[in-house]
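Student: what follows is a predicted structure for the sequence shown.
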Amino acid sequence: DVNSGDTFDPNLVYALNRVESEIIANYLNDNQCSQQAQAFTIEALISQGEVDFELEIIIEITETLEFQNQTCLKEIKDDVVSTNQMSKIIKKFEPTYPVLHLEWGIFSNPQWGNTGQTSLNEPEQDTAFINLNNQSLAHVNNIIMVKTIAHELIHAELLRKLKELVDDYNVISLSEYNDLLYNYQGIAHYTLAYGNLEYSQDLAGNIIEWGIFPDYSLAHHNQMASFYRQTLIDVMKAYDISKGITRPNAEEFYEALSWSGLRQTSDENGENSQYTDAWQNFKNQIDTIEANIPESERTYNRYLDIINQEYNASGINCE
């Protein structure tokens with residue numbers, strides 16, 4: 001019961017469904033309806049963000065009006081970020097971890113195979129923008145957008161970790177690189193491997209200037225191909241399970257789609273693409289292992305057939 005002097009307004013729960021009402025009721029009962037619990041509940045009810053009552057976090061992720069109007073795409077996004085793998089990432093953006101904010105939006109590019117992109121704002125570098133291509137929606141299946149959303153969230157998470165330690169992500173100093181090496185060895189390795197290193201020394205061999213100018217498209221995609229494909233697979237599986245979808249030859253299906261977007265990397269316009277080293281290494285391994293199999297039947301070409309089928313499809317559908 002709420003004391004007459006307290007501020008909680010029961011009218012606020014009328015618009016909630018039964019599950020949401022039970023969650024709030026349990027939270028208030030567990031906290032004996034304290035003033036603090038009531039205040040948090042009011043904030044949760046009037047917020048536009050995702051609410052974690054256990055951690056007492058309101059995740060105020062911004063969505064543009066154009067993104068919200070894409071109701072089917074928004075539904076897919078909400079399903080993806082609720083999976084165990086992605087919910088762990090999304091909670092790191094706001095408000096407990098204010099290093100980097102996150103905004104979902106839409107862009108339009110006739111090269112619909114370029115389904116999504118992630119970038120930081122300039123000059124502030126305090127917000128990651130995940131934008132999804134509205135021209136992809138008529139061509140790719142739901143599972144491709146699921147993979148795309150998870151893919152872009154991993155981009156954002158890699159940038160968030162970077163911004164914990166790097167002031168300007170356009171150039172990384174020696175001290176910042178050493179901090180990355182200590183805290184996020186993988187990010188440090190791929191940023192150096194796929195960035196332009198410029199430095200100078202004096203006659204005694206002392207470093208005067210030192211800086212990495214990263215190529216994040218190459219760095220991220222090679223790192224993701226090597227270490228994050230299982231995360232993409234797990235997200236796709238979780239989405240299909242939630243929708244009651246069973247795939248024939250499921251393991252190969254998800255493995256194939258995990259390479260989608262990681263075989264090649266390109267600029268923000270989807271141009272000037274090149275194969276990632278990770279894909280080239282994978283392809284070379286298959287050529288050695290399956291040397292006695294016709295090339296058209298080798299694993300990587302079966303993967304490409306699966307990818308092409310899901311891209312050249314009837315478009316997303318939330319009915």
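Tutor: Cool, got the structure.

Student: which helix in the protein runs the most residues?
Tutor: Longest helix in the chain, counting residues (DSSP state H): helix 142-165.

Student: in that helix, what counts as buried?
Tutor: 142-163, 165 (16 or more other Cβ atoms under 10 Å). Just so you know, the C-beta spots here come from the backbone N, C-alpha and C atoms, and that holds for glycine as well.

Student: ok but Lys283 is inside a helix, no?
Tutor: Yes - assessed with DSSP: H, G, I helix; E, B strand; the rest coil, Lys283 lies in a helix.

Student: for it, which non-adjacent residue is spatially closest?
Tutor: Once flanking residues are discounted, Lys283 sits nearest to Tyr300: 5.2 Å by Cβ to Cβ, 6 or more residues apart in numbering.

Student: same for the helix or strand where the one you found lies, what does it pack against?
Tutor: Using DSSP states H and E, Tyr300 sits in helix 299-311. Judged by 3 or more Cβ pairs under 8 Å, 6 or more residues apart in numbering; DSSP states H and E, the packing partners of helix 299-311 are helix 142-165, helix 250-258, helix 277-289.

Student: what does the second one contact?
Tutor: Surrounding helix 250-258, the residues in contact under the criterion Cβ atoms under 8 Å, 6 or more residues apart in numbering are 143-144, 147, 229-230, 232-233, 236-237, 247, 302-304, 306-307, 310.

Student: tell me the one among these nearest to Tyr275.
Tutor: Leu304 (12.3 Å; Cβ to Cβ).

Student: name the nearest residue to that closest one, ignoring sequence neighbours.
Tutor: Ala256 (7.8 Å).

Student: now do that neighbour against Ile286, distance only.
Tutor: Separation of Ala256 from Ile286 (Cβ to Cβ, to the nearest Å): 13 Å.

Student: more neighbours, those two?
Tutor: Ala256 (22 against 17; other Cβ atoms under 10 Å).

Student: how much space between the more buried one and Asn301?
Tutor: Counting by Cβ to Cβ - Ala256 and Asn301 are separated by 10 Å.

Student: all strands of the stretch 101-250 of the chain, in order?
Tutor: Under the criterion DSSP state E, counting those that start in this stretch, strands of the stretch 101-250 of the chain are mapped to 101-107, 116-120, 127-133, 172-173, 195-201, 207-214.

Student: quick one: low-confidence ranges for this protein?
Tutor: For the chain, the stretches with pLDDT under 70 are 1-22, 24, 27-28, 32-61, 94-98, 204, 266-272.

Student: what strand or helix carries the residue lying closest to Ala138 once chain neighbours are set aside?
Tutor: In this structure, Ala138 finds its nearest non-sequential neighbour in Gly315, 4.3 Å apart by Cβ to Cβ, 6+ apart. Assessed by DSSP H and E, Gly315 sits outside every helix and strand.

Student: please give me every residue in contact with Gly315.
Tutor: Per Cβ under 8 Å, 6+ apart, neighbours of Gly315: Leu137, Ala138, His139, Val140, Asn141.

Student: need the residues you listed in a markdown table (columns: distance to Glu122).
Tutor: Below are the contacts of Gly315 laid out as a markdown table (distance: Cβ to Cβ, whole Å):
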| residue | distance to Glu122 |
| --- | --- |
| Leu137 | 28 |
| Ala138 | 32 |
| His139 | 31 |
| Val140 | 29 |
| Asn141 | 34 |
